[in-house]
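[1] This is the structure alone, sequence omitted:
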Ligand code: ADP
């Protein structure tokens, strides 16, 4: 793909990014090919309590996206459309994995359109290899000692270790050996 962005429009990609995954990164990279600037907006006041603090989620996203030159990472709270207006951005980017995402995304897009008809939501369909990938799945696999190297970049894995120690598989195995 060309290294030159194709429009002078700035887009906002909002989410919890708890943590950012390779699926999210792929969406940012593809949006960055189309828009002049992609603002990755990390939601601060998530109703479902995030595992990682907003500071850690910001750092994870910044490091993971260091190679995407026209991507910026920042935190936001409150109404997305207010944040969009404050940034003079008219495009919301969202990722779609499966039909299960659709209902929620459809409702949010219509709600945002109701609140701010000047703002459009653009959907980018995931790459098939990331269609199963979610932040919560990554955290579950990691906590039980599974390999997440194909799901998040190394910098994110390292920061995850600070908060979520991997499951002590060996201790459990020893304890559960039946005839020793
Ligand atoms: P939210 O809590 O707002 O859903 P997420 O961080 O879970 O925040 O997701 C942000 C956006 O990224 C959503 O549009 C979601 O559908 C999309 N997304 C999440 N994981 C993937 C993936 N593996 N591939 C493509 N899009 C994804």
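    On my side now, so go ahead. As the structure is a computational prediction, the values presented were derived from the model and not from experiment.

[2] And stretch 97-106, what's buried?
    97, 101, 105 (16 or more other Cβ atoms under 10 Å). From N, CA and C alone the C-beta is placed, and that goes for glycine too.

[3] out of the residues you listed, which touch the ligand?
    97, 101 (Cβ under 6 Å from any ligand atom).

[4] so where does the spatially closest residue to residue 20 that is not a sequence neighbour fall, helix or strand?
    Among residues not flanking residue 20 along the chain, residue 61 sits closest, at 4.6 Å (Cβ to Cβ, 6 or more residues apart in numbering). Per DSSP states H and E, residue 61 falls inside helix 54-64.

[5] Residue 116 and the ligand: what is the separation?
    17 Å (Cβ to the nearest ligand atom, to the nearest Å).

[6] and the helix or strand where residue 73 lies, what other elements does it pack with?
    Using DSSP H and E, residue 73 maps to strand 71-76. Contact here means 3 or more Cβ pairs under 8 Å, 6 or more residues apart in numbering; DSSP states H and E; on that basis strand 71-76 packs against strand 37-43, helix 54-64.

[7] model confidence over the last one, on average?
    Predicted confidence along helix 54-64 averages 96 (mean pLDDT).

[8] quick one: which of the buried residues of stretch 97-106 sit in strands?
    Cross-referencing these against strands under DSSP state E gives no overlap.

[9] which among the buried residues of stretch 97-106 gets closest to residue 78?
    Comparing those against residue 78 with Cβ to Cβ places residue 105 closest, at 19.9 Å.

[10] pLDDT score for the closest one?
    Looking at residue 105, the pLDDT reads 96.

[11] Residue 178 too?
    47.

[12] Surely residue 8 forms part of a helix?
    No. The assignment for residue 8, made by DSSP: H, G, I helix; E, B strand; the rest coil, is coil rather than a helix.

[13] which non-adjacent residue is nearest it?
    Residue 8 sits nearest to residue 36 (Cβ to Cβ, 6+ apart), 4.9 Å away.

[14] Can you give me the distance of the one you found to residue 135?
    According to Cβ to Cβ, to the nearest Å, residue 36 and residue 135 sit 27 Å apart.

[15] again, but for residue 67
    Taking Cβ to Cβ, one finds residue 67 at 21 Å from residue 135.
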